[in-house]
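> Below are the sequence and a predicted model; questions follow.
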Amino acid sequence: MDKVKTQRMICIFLMLVLGSAGCAIAPTKEDIARNRVKELKSHDPEIRRNAAAELGKLGVPETVTALAEALKDPNPRVRRNAAFSLSQFGEKSRPAMQALKDAMEIETDSWAILNMASALEVLKVNRKEMVPALRRVIQGRGSPADLELRFNAALFLYGSVDPMEVFPVFLESIGTEAGKSTTNTPFWMVSDLVKTQDKRFIKPLLDALRQGNPAQRAAAAVFLPQFKPLPREVGPALIIALRDPMAEVRAGAARGLNNVGTNAGLPKQAVQPLVEALKDPDENVRESAAGALATGRAHTKVVVPSLIGALHDPRPKVRVSAAASIRLLGPAAREAIPSLIKTLDQDKEREVLEEACRALSAMGPFAKEAIPSLKHALQSPDPYVRNWASFALEKIDPKK
């Protein structure tokens, strides 16, 4: 019995100890925030930096004043975190608005400037008030003069300054790590600005085509032909770019020449380089070259035989592009009819068969010899092929 009583006493004792431990009062969020505010006065900048960061996560409004004071900290990393934390408070950071404006006016750290801009943006402060500080960042006068920081500053400034202040930064950012973390990629920002037809963009784009990284050269090749009237330097520069060592640039140059040809007719000096590009080792280059040759209506004696050859390319996308270009050339390319019939009879790819039917439809009555093959295509298991075959038969012989 004594043994049993002893065991019971031990159990009761343990329950009392564990129960009292479980009843200990955990510190509140406000208690933790007050401690972090005290840490903002630490002599250790690392402690101050961490405290400024954590205050933003805690979100206690009473700490806004302390964070505003931390914007004056001698350590830039503390100022960065203080500004970022204020941006997380939303409208509750309004008491710090003037402190943010004052700090941004004299700030030299690029990250801190951007975080201050974000905090002021939350408070719906007019971006024009932020221009002087953000301008220091895009001009590389802030520290560090990092391209990603300059790109983000340019995003802030877009629409508030002369486009030529931000365009070079957007262009320089294409093909780099800058801007990859945002949906506003450098390529689309440049594309948006090119649509304004600002002729000042032509020189930096030409420079990018000649000296930029591969992505910049490819982008410039696509953007330059969008200017009207076409700058005289663009055509020759694109022809040179067809020989670029990088496939993405050669493909971009071919697409650019397609745009040139669509707007003003394919230059004679571009025809042979595009024909040669049909033998490029890269399928995207061959596809783009075949597409560009559709604009060579004035040069069909050279263009059409080349497109006929491309109907036998090993890659379906190239064969589709070749057939589409023949379709766009219409009856001027009617020497391609026998090859289109052969493609319709022998190719196995649905997209190629569809485009062959469409190309034959563009020949009208000239393609009557294709009627048996088109009728056979009406038996295809693919509904799209059957539909295009039927459409072609109507165009070739409407009476039947």
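Everything's here; your move.
> shaky segments in this protein?
1-24, 142-145, 179, 181-184, 400 (pLDDT under 70).
> per-domain residue ranges of it.
Following automatic domain parsing, one finds the domains of the chain at 32-125, 317-400.
> export those to JSON lines and tack on distance to Glu148?
All C-beta spots, glycine's among them, are computed from the backbone N, C-alpha and C. Compiled in JSON lines, the domains of the chain are given as follows (distance: least, CB to CB, whole Å):
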{"stretch": "domain 32-125", "distance to Glu148": "10"}
{"stretch": "domain 317-400", "distance to Glu148": "35"}
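> Now do the contacts for Leu257.
Counting by CB atoms under 8 Å, 6 or more residues apart in numbering, Leu257 touches 225, 235, 238-239, 242, 266, 270, 274, 292, 295.
> Which member of the residues you listed exhibits the greatest number of neighbouring residues?
Highest neighbour count within the contacts of Leu257: Ala292, with 30 neighbours (other CB atoms under 10 Å).
> Just the element for that one, please.
Applying DSSP states H and E as the criterion places Ala292 in helix 283-292.
> Tell me the helix or strand right after that helix.
helix 300-310.
> and that following helix, what other elements does it pack with?
In terms of contacts (3 or more CB pairs under 8 Å, 6 or more residues apart in numbering; DSSP states H and E), helix 300-310 is packed against helix 268-277, helix 283-292, helix 316-329.
> Quick one: closest of the ones you listed to Val190.
Val190 lies closest to helix 283-292 among these, at 19.7 Å (CB to CB).
> what's in contact with the closest one?
Residues outside helix 283-292 that contact it (CB under 8 Å, 6+ apart): 247-248, 250-252, 254-255, 257-258, 261, 266, 270, 274-275, 277-280, 307, 310, 313, 315, 317-318, 320-322, 324-325.
> let's go with 7 Å and repeat that
247, 250-251, 254-255, 257-258, 261, 274, 277-278, 280, 307, 310, 313, 315, 317-318, 321-322, 325 (CB atoms under 7 Å, 6 or more residues apart in numbering).
> Could you measure from Ala83 over to Ala251?
Distance of Ala83 to Ala251, given as CB to CB, to the nearest Å: 43 Å.
> Leu266 touches Ala294, doesn't it?
No - using CB atoms under 7 Å, Leu266 makes no contact with Ala294, being 8.8 Å away.
> quick one on the thing from earlier: got TSV for the domains of the chain, with mean neighbour count and distance to Ala218 too?
Putting these into TSV (neighbours: other CB atoms under 10 Å; distance: least, CB to CB, whole Å) gives the following:
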stretch	mean neighbour count	distance to Ala218
domain 32-125	19	29
domain 317-400	19	18
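> mind checking which of those domains is nearest Leu171?
Closest of those to Leu171 is domain 32-125, at 19.6 Å (criterion: CB to CB).
> where's Pro267 relative to Gly90, distance?
Distance of Pro267 to Gly90, given as CB to CB: 57 Å.
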